[in-house]
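1. Fold the following for me, if possible:
(one chain, ligands or ions: 1)
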Amino acid sequence: MALSLLTPPRALRYVSASLAAALDRALFSPTHAFPPAVLIELSGLAIAQIVAREYPRHTYPCVLVAAGPGNQGADGLAAARHLRTWGWKIAVWGPRLKGDSEQLATQLSHFDVHFLDSDAQAFEDYLEHADVVLDTLFGFSFQGPAREPYAEILRLLSSESRIEFAFRRPRPPIVSVDIPSGWPVDASSSSASASSSSSSSAAASSDGLAPPGCFTPQVLISLSAPKTGVRALVSQPSAALAPPQQPAQQPRAQHAHAQQPLKHYLAGRFIPPALEAELGLALPLYEGTQGWLDVTGWPEMSEEEAKALHAEAKKRQEELEEQGVRDAEMAEMQAEQEDEEAQGADEEEDAKTVKADA
Ligand SMILES: NC(=O)C1=CN([C@@H]2O[C@H](COP(=O)(O)OP(=O)(O)OC[C@H]3O[C@@H](n4cnc5c(N)ncnc54)[C@H](O)[C@@H]3O)[C@@H](O)[C@H]2O)[C@H](O)CC1
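-> Numbering: from 1, shown residues only. Below is the predicted model of the structure:
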C-alpha cells in the first residue's frame, strides 16, 4: 500500500502503559533532554485550551481539578494555572503533591485558587459548585485498585454512586487525561474484558463502557498517543457519530452527560520524529499551530497502515539524517575553501608588503 507521511490516515495507534513509560523515559533522557517540567507545561497548556474550547467560561465558570500524586497531577495544576489566568474559577483537590506539583501549587497560591482540604468530604461538597471536573488523578503509571483517599474520589465521580444525590445538581461533566482515573491502562479490545481497578464490589457502570465502579468521562485527552485501556471507550459507536469540531456547550444544569458522545482529543505535540519512528508510534499530523487535535470518532489504525507508516517514517528519518550529513560535509568543504581563499589573500598581501618594503 502506498502511503505518504504527508497524508497519514485519520486513524489511531494505541500504546501500552510500558510503551508510554518508555516514551517518557526517552524524552527525559540526555539524548532528547526534555525536563519533565517543560512537558508538563506543554501538556497543561493543551489541556487548558481543550477545557476552554469544550466548556466556555460563561456557561462553565468553575473547574474542579482533581490532582493525583504523579506527573499527571502536575499536568492538571499547570492547566489550572492557565484556566485561572483566562478567568475560570478554580478549586484544586490534591492531597499528595510533590516535586513539580509542589512548585505548581506554590504558583497557584498566588492566583486566587481555592485549595480544598484533602479529605473526600471536601471534594464531595465542592462537586455541588463545580461546573466541570478535570480528572488528572492518574495517568499511565496507575496500577489498580486505587488506594485511599483516591478510591473514595473515584467512587464519588462514578455515576452510580451519585444516585443518593439525585435531588441535587447533576454531576458535572468530567474531562479525563490519558486514561479515565481508575480504569486499567492496558486492556484488550473489549471493555468486557477490562478488569475492575476500583471498587471491586461495585456494579457495572450504567453505560456499560466503564469497568465496574468506574466513571465515564465526557471528554478524553490522550497525551502523546492513546492508551490501549481506552480502546473500547473511544471506539464506541456514538463517538463515531459525534460531529467533529463541535464543542459540547450545553449549560451545566441541562447537561445530559451520560448520553453525550465522547469527545476525544490528542495532545502532546512534542515528540521528535526520530523517536516517533523508533517507537513505531504512527502519530497523526497536527494542524496549524495547535498543540492538540480533535480525533473524535477516529478508528483504530490497521496493522498494515501502521507498518507502512512506520517504514515511511524510518525512511524519512534516514533521508533527513543523510541530508544532515551531506549538509555538514558541504559546510565543512565550504569552510575549508574559505580558509584557503583567506590564506591566499593573506599571502598575496604579505608579498605586496615585502615588495613595497624592498
Ligand atoms: N509523554 C507524555 O505524553 C507525557 C505525559 N505526562 C503525564 O504524565 C503521566 C504519567 O506520569 P507518572 O508520574 O508516571 O504517573 P501518574 O501520574 O499516572 O501517577 C503515578 C503516581 O500514582 C501513584 N499510584 C499508582 N497507582 C496507584 C493506586 N492504585 N493508588 C494510589 N496511588 C497510585 C504512584 O505511586 C505515583 O505516585 C501521563 O499519564 C501524562 O498525564 C507528562 O506530562 C510528561 C509527558
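2. biggest helix in the protein, by residue count?
-> Using DSSP state H to define each element, the chain has its longest helix at helix 303-357.
3. in what helix or strand does residue 222 lie?
-> Following DSSP states H and E, one finds residue 222 within strand 219-223.
4. next structured bit after that strand?
-> Using DSSP H and E, the helix or strand that follows strand 219-223 in sequence is helix 231-234.
5. mean confidence for that next one?
-> The average pLDDT within helix 231-234 is 89.
6. Make residue 1 into 430 and carry on from there
-> Got it, first residue is 430 now, which makes that one helix 660-663.
7. So what touches the one helix or strand residue 492 maps to?
-> Secondary structure assignment for residue 492, by DSSP H and E: strand 491-496. With contacts defined as C-beta atoms under 8 Å, 6 or more residues apart in numbering, strand 491-496 is touched by 480, 484, 502-503, 505-506, 508-509, 512, 517-523, 526, 530, 552, 555-556, 558-566, 582, 586, 601, 610. From N, CA and C alone the C-beta is placed, and that goes for glycine too.
8. need the contact list for residue 522.
-> Residue 522 is in contact with 493-496, 545, 547, 551-552, 555, 582, counting by C-beta under 8 Å, 6+ apart.
9. any idea how far it is from residue 550?
-> Separation of residue 522 from residue 550 (C-beta to C-beta, to the nearest Å): 11 Å.
10. for the protein, which spans come out with low pLDDT?
-> Scanning the chain with the threshold set as pLDDT under 70 gives 430-436, 588-598, 617-637, 665-688.
11. Can you name the residues of it that neighbour the ligand?
-> The chain comes close to the ligand at residues 452-453, 456, 465, 468-469, 472, 497-501, 504, 567-576, 579, 606-607, 652-653, 697, as judged by C-beta under 6 Å from any ligand atom.
12. Assign a three-state SS to residue 459, would you?
-> Here residue 459 is coil, with the state taken from DSSP: H, G, I helix; E, B strand; the rest coil.
13. for residue 521, that is, sorry about that
-> Residue 521 - assigned by three-state DSSP - is strand.
14. these two touch, right, it and residue 503?
-> No: Residue 521 lies out of contact with residue 503 (C-beta atoms under 8 Å); the separation is 11.8 Å.
15. which of these two has more neighbours?
-> Taking neighbours as other C-beta atoms under 10 Å, residue 521 and residue 503 compare with residue 503 leading, 30 against 26.
16. secondary structure class for the more buried one?
-> Here residue 503 is recorded as helix under three-state DSSP.
17. Same check on the one 4 residues further on?
-> Using three-state DSSP, the structure places residue 507 in helix.
18. which of the contacts of residue 522 count as buried?
-> Among the contacts of residue 522, those classed as buried by 16 or more other C-beta atoms under 10 Å are 493-496, 545, 552, 555, 582.
19. all helices for the stretch 430-579 of the chain, in order.
-> For the stretch 430-579 of the chain, helices defined by DSSP state H, counting those that start in this stretch occupy the ranges 446-457, 465-483, 500-514, 529-537, 549-556, 579-586.
20. Most tightly packed of those?
-> Across the helices of the stretch 430-579 of the chain, the average number of neighbours (mean count of other C-beta atoms under 10 Å) peaks for helix 500-514, which reaches a mean of 26.
21. now the angle between strand 491-496 and that one, please.
-> Counting by axes from the mean of the first three to the mean of the last three C-alpha atoms, to 10 degrees, helix 500-514 lies at 160 degrees to strand 491-496.
22. so what secondary structure elements neighbour helix 500-514?
-> Judged by 3 or more C-beta pairs under 8 Å, 6 or more residues apart in numbering; DSSP states H and E, the packing partners of helix 500-514 are helix 465-483, strand 491-496, strand 518-522, helix 529-537, strand 561-565, strand 603-606.
23. mind redoing it with 10 Å?
-> helix 465-483, strand 491-496, strand 518-522, helix 529-537, strand 561-565, strand 603-606, strand 648-652 (3 or more C-beta pairs under 10 Å, 6 or more residues apart in numbering; DSSP states H and E).
24. CA atoms of the third one as PDB?
-> Provided in PDB are the C-alpha atoms of strand 518-522 (Å, rounded to 0.1, in the frame of the first residue of the first chain):
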ATOM      1  CA  LYS A 518     -12.700  30.000  38.900                       C
ATOM      2  CA  ILE A 519     -10.500  27.100  40.100                       C
ATOM      3  CA  ALA A 520     -10.700  24.700  43.000                       C
ATOM      4  CA  VAL A 521      -7.900  22.100  43.500                       C
ATOM      5  CA  TRP A 522      -8.200  18.800  45.300                       C
END
